[in-house]
Structure formats: structure tokens, C-alpha cells
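1. Predicted model, plus sequence, below.
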Amino acid sequence: MSRLLALLTFLAFTSAAAKPNAGLKTWGRFRKLPYPGDKAFLYDTFPKDFMWAVGTAAYQVEGAFEKDGKGLSIWDTFTRGGNRMATGDVGSDSYHNIHADIRAIRQLGVSHYRFSLSWSRIFPNGTRGSYNEIGTNYYRTLIKKLKEIRVQPVVTLYHWDLPDHLQQTLGGWSNPELIGIFKDYADFCFQTFGDDVKFWITIDNPFVVARHGYDTGVVAPGIKNDPDLPFRVGHILLKAHAAVWHLYDRHYRPRQQGKLSMALASHWIKPSRTRLESLRECQCSLDHVLGWFARPLFTDGDYPPCMKERLGSRLPSFTPEERAQVSGTADFFALSHGAALSFQLINDSLKFGQQEDLDLRMLLYWVNAEYDKPPIFVVQSGWYVLGNTKTEDPKHMYYLKRFIAEALKSIIIDGVNVIGYTAWSLIDGFEWHREYGIRRGLYYVDFNTLDMKREPKTSATFYRNVIQRNGFPELPENRPAQGIFPCDFAWGVSANSIQVETTPSQFADPSVYLWNISNNGELMKLEGFTAPPVRRTTHCADYATVRQQVDEIQKVGVNHFHFSLNWSAVVPTGDVAHPNTTLLGYYRCFTHQLLQANVTPVVTLWHHTRQRSSLPAPLDTANKWLNRETPEAFADYARLCYRELGAHVKMWITLNEPNDDMVSYQEGHQMLRAHALAWHAYDCEFRHTQGGKVSLALHMDWVEPAFSFSREDVEPAKRVLDFRVGWFAEPIFGSGDYPLGMRSWLRQLNSLDLPVFNEEDRQLVKGTYDFFAISHFSTKLVTHAKEDSYTYTAMLEVQHMIDTTWIMSPRPVVPWGLRKALNWVREHYCDVPVYVMANGVQEDPARFKDSLRVYYLYNYINEALKAYTLDGVNLKGYFAYALSDERDPGFGMYGSVHKEVIIKASLSNYRNIIQHNGFPIQGAPPQQCPSMPEPCLGCHVLVKTPVVGFLTLVGSGVLITLGLIIYYTAKRHKECY
């Protein structure tokens, strides 16, 4: 009667509570979240009662496989068969190192420690009759030691290491008899340890046990060739778990007050297309991995419809009584996520044409929606590093940061009830089918020492800090700054080049038209008639592209515009005596019109690109920059530009981003000489008449130590900056020679590639600047620990990497990197005036509501403000990159569709920042700036040629005097009459 009542209650509950495919909304929900704001790192803390845990599995770490009466497990047998090279016989030898493990747990500061019991250590042949007191005492001691440091145990009854006797005699989990045997084993554990254990896991990752233990054979017991067997095994695992849950619920929960669940692992999957069919395939993929076990436990006691439809009779069925027995047998959702992903699926068969992903946050949301908001305890999460990695594990640390950050967002933003997080694992050990080829521990284990010495890795330090702060509390440097830039701040926009029109497009049509003034006002062309040619000189107004581009620049609201000339186009033959006068005339008109619009032109003489040298043909074919004549030729070209354009241009960049890693040291040496010659040419021959400024612009993405608290990573970061920025900066802004760190490093490598400055060149180059200009786009992390050969720079012995929590597009978006770059300049070169000459992000040109660029510009400019107001950087200007997609694809604030210019959202946002001159404090009085004088476009004549200016003034005075004499003479003549 009681069983019938339970069944009726179950049916009533499931009919009311079941929400088939409720998780299907997950992909649509996250697609609608604001981008990139939702992807930005969230600074916040976890709930006060959040459970911070770390975990291990018995076979991976315990060792002592035959010690003190322990029986063999299926892994002891499995690792001795086939072509396997290593075993877990010793593992990390935790059996003999309880004190070392406890010390590591205490250092981390966790509140919970998850570990598994070795079934064959307690019951050597799997049954109660073979009880081993010594093996049981090991766990009693471990739990006692945990209580002493106030850490709660989270105990797993079965983590893949079935007693081998049960496998050999019964066929393991393929035999239903194991349900009763497992229940009896659990009963003993509850009775023996239950008073001190509040969280139990019955079975870890039944998907791996069933599919890869009894189908693919990747893990123990390594059975293959029966494609239906894993589903029968999974069926038995569910029944065994349910039997144990009911045992605990009836006989132990009232007194022990614990909670029990089954640890379920899953990948995440995203649709290859946005169609509903793709979403359903994603849902089905999750059903085949996670839903296979989660739906019976959390929904209706039965398998997901998708599995039943696709597998048919291959999938066992539950009777109504069995459904009632299985459903609801989990007190919380125990979720495993992370590196288990790398071998859960093995092939693409369960992806159903969709794309696998590592998004813990979306998985948590899906579980929350699909299974009616259960409390979720992440009982395994983390990543791995290669087996030769020692105590510095940057990849593991940043994946750990990513997963914890996603769990935090899941709680704060998505409202998911995540109650705990378990970093995996405490120590390095035997990694199942990957043996010792990878390491997953927070503590490094030296397997070559007798005592298996444990040392904290960087990931352990990171995790300890997160626990101490209970997450990622917002620090002052994380908050947006409020304040304004000085009145004379240079707000600009940059473009690699401008559109050039060599033939005037205005007044070039010889046709004759009639104006239909009485009707619609249209012009009607008269066929057969042409106007006589207009014999007049070309005017700036003749170039439609000049007006169009200047209008576009004006709409941005900037007061400066930076663009580059093309040396090979201005002086095609390399002989400045025969320049392209038409092109120079166009540039002259363009800069003139910019001044008319109150926009100061900033002109680069040579812009480095990897695709082409942009050197005149004779130099391009004669060793390019390695030609000793190239610097002199560049200086002559600079003189030509100063002479022709200097009346309108007061800010010059000689070389733009020459410090490219594709440029050789010998080429760089000649570029430095070229810059210096061009600077001295201006300083000696043009500065006193034109009054401008000259410098060069260096590419300066920031380089951050992967472990900022490790000297071993701080040094590589300094080294990279020396080689990337100091290479050009130090000779000009500093000592007149290459950085000392650069020279000493190359000397260690026995390299003679770096040229030596003779005294003449040192004096030539040193001090050839009027300001420090940088192009900054992104930030990289570096560490000295080699992990990935593709991103490892052998010559500098640095590993490049990224923080996996950063927004990517395609380079990382890291606003604080700009502030650090600006401070590097201040720390190395004191109060030098600094301009950010290019700063921008690449985004899909079709995205006119370019929200990523809006986010990028706001946050990078805000970091620039912090550098100016808080750090004392002498920041003089900021230039957004770039003006339009037409000249700089993917970077522009103007887009186009079928030649129609489109203003993107970023343009109006940037203009708004400029109008407010930064981020003024709300309610503060407006900034009082003196009005800018209108440009006097003829005044340069007076400055340029003082004699002509003097004669002009005298002549003007004479004319005015004559005019007055004539006027009063005529007036007197009238009065006489």
C-alpha cells in the first residue's frame, strides 16, 4: 500500500513539475544579453555561506595499492594490460602523506574537501565479509584531521575504482547484483563515517563509467564491442544510486542530517547555426550526456525523449515503480565540468553537428532551467597543464579564474543557485587514461622523491586569494574614473591613409545644361554642345574628396586628424627634385581645409606595413632600409614635405610603428638614423619659421607578467618591453643606446646581431623628439614557463598567453593595459609629453551598432584619464583609430553600404566624450576653457618671410594714407563750392 501511495504521489508531482526541454531557452537568452558588457569581467563576491572546496580521487592519489590488506581494483588490473605505460600503484602516495595533504588543504583555506573512498581498501573483494579495518582507519584518520582544521568532508563512495573481484566474478556494473552489493557497501560507510559527513556523492560521472568503461574501453574495465552495453550499465548505475539514496533517506538522514547526490559531468555545446533545428540538436547532445542521468533523477524518473527516440529498444526502460524509485533521489545537483571534457565525448558522434564549448555559465543556466532550479554544487572544475610543468601553471590558473568568474556571474546576474565550487585537484596524480602526461593539481608533486614532496603552484596561490576575498571584490582601480582632461587636450582620430584625388572632380564636366526653373528645377543636358575649356589654375575647392573627408572628420568632433603620406607616391623616383607635384598639391589642399575646419593635421612621413615597404622603387630594390643611403634619402624627403606642407602642419611623425618584430636590428638601426636626420632637418631648417613638433610613433601593446607576484615572470615582461619598445625608445628618449637589458640578453645568447652606436650616431639620435607617441591596441601575458610551442618565443624565452576571461575581438580587449603602458613611459622618461596616437578595436564592419567599439573607446579613454589625473602622466592627446572602414577595414567609426556612408554608434559616443572633455563629475560646474582663435591662414607668410611681411605692412600703411589724403582732399574741394 505504501509503495502504491508513493507511486501516486510521484505521478502527481511529475505531471505538475516537469518542464520538458525548458533548457532550450538558454541559447536564445544568452544571445540577447548586451554585448560586450555581459562578457566584461564581473567584480563582485560570492554569498557568505558559499562552499569553497578542493578535491581528489582515491586511485589517482592514494597509492599503496597492496598495502595493509587492500584488494585490487579494476584500475590496478587495467593499468597492467594492453600498451599502458604507467600505473597508479604509488600515485601521489597520499596513503602515507595525510599530514602533507592536510597542510596543503589548510593553506588553501577551503571550507570543504572532496575525496573518494577506495571500495577495495575497505572491502578488498567488494563485500562486507572481506572488511579491512586498517584501510577503514585510514579514512577515519583523514576525516578526523579535516575536522581539526575545520574543513567539511565531501565523500564520494565510488570514483571509478570497482573492486576487481566484482568485475571478474560478476561482470562489474553490467550485473544487476551490484545494486545490492553497492547498497551494502554504502550502508557500512554511512554507519562508519556518516556522523562526520554532511555531503555524499554516490557515483562520480556515470557517463564515463558506462560509455568509456563499457563501450569505448578508454577507462577501466576497458570493455569494448557491445554498443548496447553502456546503456544497460547506466541503467544499473541509476538504480544503484537510487537504492543508496533511499537507504540514507530512511535510516541515516534523520540523525546525520546529510545530503546526497550523484556527480554528473557534462560538456557545453553551441549551435553551428541559429536555426531551431540546431538548437534542438544542442539540447539532444546535452540529453545524451548529462540528461541521460539527470532527467531520471531530477524530473520524471525516465530518460530524455530525444534519447528514447534515437536509441529505441537499445535503451532500457523503467517500470512505473522504478521511475518512482529513481525520481527525486538527489538533494542537490552535483556538477562536474572542465578537463573531463577532453575525453568524455572522444569523437563527434554525440555533438550532432554542433560545436563543443567550455561555457560553465551557460551550462549552469541550462541545468537551472531544465531541472527546475536545483541547488548546484560544482564538485569538480579546473583544467590541466603538461606533465613537465612544475610549480608555474599559468594555463590552469587562468582557466580556474574563468570558471570561477562564470560561476559568480551565474549567481549574481542569472540568479542560479550555485552553492559551492570545487577546484580540481588538490595535488598532481595519476590522470586515468592520460597517466602522468598531464597535471591537474594545485600542488606540484615531485614523483621522483621518496616523500612525494608537495609544493604550491601559482594556481594554488591564486585560488587561496580568491577564497580569502570570497570572489573578486571591486578595487578602486577597477572603478571608472571621473574627471576631465586639460583644455588644450588633443582629441583626434587616426587613419593609415586618406583618399587621394589626383584629378579635380569639380568644374571638370564640359557639357552644357539648361535649368528648368519653371518646373522641377532639374538640369537638362543639351546634347551636342560643350563649353569651351576653362583656363584657370586648380583650386582646393575643385577636389570633392577633400571636402567630403574633412566634413566626416568634423562630424567626429575632434580637433586633430592623423594620417600618413606615401613616400613612394610623393617621390616615385626617389629624387626629391622631381616630386609628384599634383599629389603634394592635394595634400596641401587637404591640410589647408583641415585648418579651415579648426582641425590640426598630424602627418606621418612613413608608415610601416608588413605588406609593402612604401619606399621609392630605387631604394626598394636596393636593400631597402639596409641601404646606407636610405636614411639620407628619407631626410631629403622629409625636407620636401616640411617645405611644401609645413605651413599647415605643425605636428609631424617621422616613422609610424617601425618597432615591428619583423624588422631586423640592422634595419631598425638605419630607421633610427633616418628619424634622427629628419628631426634635425626640421629643428635646424624649419622649426624657427614653422614652429612645429616632430617625433616618431611606436607600437606599444602592454606586456603583463602572467603571475604579477612572481619575479620569474616580471623579468620576462620587462625583457619583452625592452625588445619591443625600448629598442627604439631608449636611443631617442634615454641614453642614446639600446637598452642595457637588451644588450646583456643578446650577449648571453652569443648574438652579435644588435648594431653598436658609434659616438657620432649616438649624438645624432639621442634627444631627437618633441613628444612620445604610442599606438596601443591590446595586452598580452607572458611567463617564462613554456607551455605551447606555437606562442613561445624561443629567443626571448617567453611564453605568450591570454587571460581566458578577457573579451576577444580578435585581440584581447584589456583597457587597463593602456594605463600601464602610459605609466611605463612616465617611469622611464619622466615628464615627456605623451600622445596616444592610435587606439582602436577590430569589429565586424557590418555591425553599425558597434557596441564593442563603444565599450572599447569608453573604457580605454577612462584608463587614459586615470593615467593623467591619478598617476601624473603628462598626457597631451588621444587619437581613436580609425576614421572609416574604407581605409582601415574593421576599425572605422564610419561604415558604408553600396557606397553610402554610415555613421556608426561609436562615432556619436566618442563625440560625446570629446564634448565633455572626458568624464566630468555629475553636478560639477562646466569646465571654463578659453575660446580657440580662428585660424589665420595667411599669417604664415608673415612668419615665414619677415622681409616680405615688413614690406607688406609698409605698403598697406602707404595705401591707407593715400586713401585718406584723397578722401579729405575731395571733401575740402566740395566745401569750396
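-> In hand now; what should we look at? Residues are numbered from 1 along each chain as shown.
2. Checking my notes, residue 42 in a strand, right?
-> No: counting by DSSP: H, G, I helix; E, B strand; the rest coil, residue 42 is not found in a strand; it is coil.
3. element containing the closest residue to it other than its chain neighbours, please.
-> Take residue 42 and drop its neighbours on the chain: the residue closest to it by CB to CB, 6 or more residues apart in numbering is residue 409, 5.2 Å away. To be clear about C-beta, it is placed using only N, CA and C from the backbone, and glycine gets the same treatment. Element membership for residue 409, per DSSP states H and E: helix 394-412.
4. Paired strands for the helix or strand just after that helix, with orientation please.
-> The helix or strand immediately downstream of helix 394-412 is strand 418-424, counting by DSSP H and E. Strand 418-424 has these partner strands in its sheet, going by DSSP bridges: strand 51-55 (parallel), strand 376-382 (parallel).
5. Mean neighbour count for the ones you listed - can I get that in TSV?
-> Shown next, in TSV, are the strands paired with strand 418-424 (neighbours: other CB atoms under 10 Å):
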stretch	mean neighbour count
strand 51-55	25
strand 376-382	26
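6. Now distance to residue 219 and mean pLDDT too, for these, in JSON lines please.
-> Shown next, in JSON lines, are the strands paired with strand 418-424 (distance: least, CB to CB, whole Å; pLDDT from 0 to 100):
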{"stretch": "strand 51-55", "distance to residue 219": "18", "mean pLDDT": "98"}
{"stretch": "strand 376-382", "distance to residue 219": "15", "mean pLDDT": "97"}
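7. so what does the helix holding residue 409 touch, helix or strand wise?
-> Contacts defined by 3 or more CB pairs under 8 Å, 6 or more residues apart in numbering; DSSP states H and E place helix 394-412 against strand 333-338, helix 360-370, strand 376-382, strand 418-424, helix 458-469, strand 779-783, strand 798-801.
8. out of those, which comes closest to residue 627?
-> strand 798-801 (32.4 Å; CB to CB).
9. after that closest one comes which helix or strand?
-> Next in sequence after strand 798-801, counting helices and strands by DSSP H and E, comes strand 807-808.
10. So which residues make contact with that following strand?
-> With CB atoms under 8 Å, 6 or more residues apart in numbering as the contact definition, strand 807-808 has outside contacts at 36, 39, 40, 802, 813, 852, 855.
11. Got a PyMOL select line for the buried ones in those residues?
-> Listed next is the PyMOL selection for buried residues among the contacts of strand 807-808, using 16 or more other CB atoms under 10 Å:
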select buried, resi 36+39+40+802+813+852+855
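12. The contacts of strand 807-808 in strands, which ones?
-> Among these, the residues falling in strands (DSSP state E) are residue 813.
13. ok, so of the contacts of strand 807-808, who is nearest residue 542?
-> residue 852 (39.4 Å).
14. ok, the closest one to residue 35 distance?
-> 7 Å (CB to CB, to the nearest Å).
15. now do residue 674
-> Distance from residue 674 to residue 35, by CB to CB: 44 Å.
16. Please identify which of those two sits among more neighbours.
-> residue 674 (25 against 15; other CB atoms under 10 Å).
17. so what's that one up against?
-> 625, 630, 631, 634, 635, 654, 655.
18. Give me the three-state assignment for it.
-> Going by three-state DSSP: residue 674 is helix.
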